[in-house]
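Asks: when you get a sec, could you give me coordinates for this:
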Amino acid sequence: MNNLATQTTKTKRSQRAGRWRWMLMLPAGLCLLAGLDAALLLLDVPAPVPNADWASAHGLVMVYGFVGALICLERAVALAKPAGYLAPILLVLGGASALFAVPEWVTSSLLITGMTGMLGIYVPLWRRQRADAVLIQMLGSCAGLAAVVLWAGGVSIPLLLPWMTTFVVATIAGERVELARVQLGRRAETLAPVLALALLAASATTALFLNVGTILFGLALAAQVLWLVVNDVARRTIKSTGAPRFMAACLLSGYFWLFIAAVTWMLGYPNTTARYDTVIHAVFLGFVLSMIMAHASTILPAVLAIKLPYRQAMWVPALLLHLGLIIRLWLGDGLGLHLAWQIGGVLNVIALLLFLLIAAGSAIYSFIDHGKKALTS
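Replies: Numbering: from 1, shown residues only. Take a look at the predicted model:
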């Protein structure tokens, strides 16, 4: 009886914590919607909010206001300290401020402080665990912090792309290492932080020797992708069914697009619009958002204390995302077909909105179903 009461108390505490975490998650979701609106503006198609100033803020809003804040919130939950939640708040505010007519120093100060806070979260996590996975994610945060410091110093976003890519790739790679640590061999486990350090070093090299550094960064990124493909359990779970197969498909397709970006970088600095569009969207749409789709049913429930069961309908936006990328990058950027580039971009936006609706519907249905079962039991 005492164990049941203790478990009930823990569940209620978790639910209360999840409710106020929604207050942090909601602004990040609004940054995502604003970023998608800005994407439509960049595609030169009608957007719900036709604010031309939003287009220039697209990268900062998506990378820091949404993805960075989401990662930081998940790490703050793992830390379980109230002070840890300040960092995702600052990142959301920094990303959102880029959308409005505020002085640039305000945006840069918020982002720098938020990324410093994220790096600060990893310090006690590292002391607690001393795991390679945490070290890799710390290296990723260093790259993310370096990017916003350089941006505050006047460096343009295209030149910061290797730093921002290292931020998200190392962070996600660290999480995959953490999940796969039981099956990793000693050599593979030792190599994982070396690859993350190589990405960070190659990013720094691009700041000094642009063309050579870009090629080195492409090589380091390709090596990281190959490590992930070889050591990720997704190669086996793709043969299963249901949620494990969906997750594996999202992971493997994400690695494919990341490899496309690596090969493009190996050809030299992406100094044309088509090549730049290829690397940035292969990374942040093909890879990052595939990873978010893959982990949505496992990470979001842990962060928000909700149930988000896998639904077969989730395949629709996932497939639509990759179809849009094929049309945009292969036909639009590759063959120079402007209409295909626009169609692919719009399909990507639709795919993300559809996934949000399906995920929300899955969570709501699960909540209602749980309530019905509680009433009848």
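Asks: next one: residue 315 from residue 321, what distance?
Replies: Separation of residue 315 from residue 321 (CB to CB, to the nearest Å): 11 Å. (Glycine included, C-beta is placed from N, CA and C.)
Asks: out of those two, which sits in the busier spot?
Replies: residue 321 (27 against 16; other CB atoms under 10 Å).
Asks: for the helix or strand containing residue 213, buried residues please.
Replies: In this structure, residue 213 sits in helix 210-231 according to DSSP states H and E. Within helix 210-231, the residues scored as buried using 16 or more other CB atoms under 10 Å are 213-218, 220-225, 227-229, 231.
Asks: how about stretch 236-253?
Replies: 237, 243, 244, 245, 246, 247, 248, 249, 250, 251, 252, 253.
Asks: contacting residues for residue 37?
Replies: Shown in contact with residue 37 (CB atoms under 8 Å, 6 or more residues apart in numbering): 47, 48, 49, 51, 54.
Asks: so it is in which element?
Replies: Residue 37 belongs to helix 2-42, assigned by DSSP H and E.
Asks: give me the mean pLDDT for that helix.
Replies: Summarised as a single mean, pLDDT over helix 2-42 is 70.
Asks: now do stretch 96-108
Replies: For stretch 96-108, the per-residue pLDDT averages 92.
Asks: buried set for it?
Replies: Buried positions in stretch 96-108, judged by neighbour count with 16+ other CB under 10 Å: 96, 97, 98, 99, 107, 108.
Asks: go on, stretch 272-290?
Replies: Under the neighbour-count criterion of 16+ other CB under 10 Å, stretch 272-290 has 275-290 buried.
Asks: quick one: contacts of it?
Replies: Stretch 272-290 has contacts (CB under 8 Å, 6+ apart) with 59, 62-63, 67, 158, 161, 165, 168-169, 172, 250-251, 253-258, 260-261, 264-265, 267, 270, 318, 321-322, 325, 328-329, 332-334, 336, 341, 348, 352.
Asks: which among those end up buried?
Replies: 59, 62-63, 67, 161, 165, 168-169, 172, 250-251, 253-258, 260-261, 264-265, 270, 318, 321-322, 325, 328-329, 332-333, 341, 348, 352.
Asks: any low-confidence regions in the stretch 151-300 of the chain?
Replies: Residues of the stretch 151-300 of the chain meeting the criterion pLDDT under 70: 180-185.
Asks: list the contacts of residue 87.
Replies: Counted by CB under 8 Å, 6+ apart, residue 87 has contacts 72, 76, 114, 115, 116, 117, 118, 120, 121.
Asks: ok, and the closest non-adjacent residue to it?
Replies: residue 117 (3.0 Å; CB to CB, 6 or more residues apart in numbering).
Asks: pull out the buried positions in the helix or strand harbouring the one you found.
Replies: Per DSSP H and E, residue 117 falls inside helix 104-129. Neighbour counts over helix 104-129 (16+ other CB under 10 Å) mark 107-115, 117-119, 121-122, 125 as buried.
Asks: output the following helix or strand past that helix as CSV, restricted to C-alpha atoms.
Replies: Downstream of helix 104-129, the next assigned helix or strand under DSSP H and E is helix 132-152. Extracted in CSV, the C-alpha atoms of helix 132-152 (Å, rounded to 0.1, in the frame of the first residue of the first chain):
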residue,chain,number,x,y,z
ASP,A,132,31.6,10.0,-23.4
ALA,A,133,28.0,10.8,-24.4
VAL,A,134,28.0,13.9,-22.1
LEU,A,135,31.4,14.9,-23.3
ILE,A,136,30.3,14.8,-26.9
GLN,A,137,27.3,16.9,-26.2
MET,A,138,29.5,19.4,-24.3
LEU,A,139,31.6,19.8,-27.4
GLY,A,140,28.5,20.4,-29.4
SER,A,141,27.4,23.2,-27.0
CYS,A,142,30.9,24.7,-27.4
ALA,A,143,30.3,24.9,-31.1
GLY,A,144,26.9,26.4,-30.6
LEU,A,145,28.3,29.0,-28.3
ALA,A,146,31.1,29.9,-30.6
ALA,A,147,28.7,30.4,-33.4
VAL,A,148,26.6,33.0,-31.6
VAL,A,149,29.8,34.8,-30.3
LEU,A,150,31.1,35.0,-33.8
TRP,A,151,27.7,36.2,-35.1
ALA,A,152,27.7,38.9,-32.4
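Asks: helices and strands around helix 132-152, which ones?
Replies: Secondary-structure packing of helix 132-152 (3 or more CB pairs under 8 Å, 6 or more residues apart in numbering; DSSP states H and E): helix 104-129, helix 157-180, helix 186-208.
Asks: how about those helices, which one is nearest residue 357?
Replies: Among those, helix 157-180 comes nearest to residue 357, with 24.2 Å by CB to CB.
Asks: how much does that closest one deviate in direction from helix 104-129?
Replies: Calculated by axes from the mean of the first three to the mean of the last three CA atoms, to 10 degrees, helix 157-180 forms an angle of 20 degrees with helix 104-129.
Asks: got the CA coordinates for helix 157-180 in CSV?
Replies: Only the C-alpha atoms of helix 157-180 are listed here, as CSV (Å, rounded to 0.1, in the frame of the first residue of the first chain):
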residue,chain,number,x,y,z
ILE,A,157,25.4,33.1,-41.0
PRO,A,158,26.8,31.3,-44.1
LEU,A,159,30.3,31.3,-42.6
LEU,A,160,28.9,30.1,-39.2
LEU,A,161,27.2,27.1,-40.8
PRO,A,162,29.9,24.5,-39.8
TRP,A,163,29.8,25.7,-36.2
MET,A,164,26.0,25.4,-36.1
THR,A,165,26.1,22.0,-37.8
THR,A,166,28.6,20.8,-35.2
PHE,A,167,26.3,22.0,-32.5
VAL,A,168,23.3,19.9,-33.6
VAL,A,169,25.2,16.9,-35.0
ALA,A,170,27.4,16.4,-31.9
THR,A,171,24.5,16.8,-29.6
ILE,A,172,22.4,14.2,-31.4
ALA,A,173,25.4,11.9,-31.9
GLY,A,174,26.0,12.1,-28.1
GLU,A,175,22.4,11.0,-27.5
ARG,A,176,22.8,8.1,-29.9
VAL,A,177,26.0,7.1,-28.1
GLU,A,178,24.2,7.2,-24.8
LEU,A,179,21.4,5.0,-26.1
ALA,A,180,23.9,2.5,-27.8
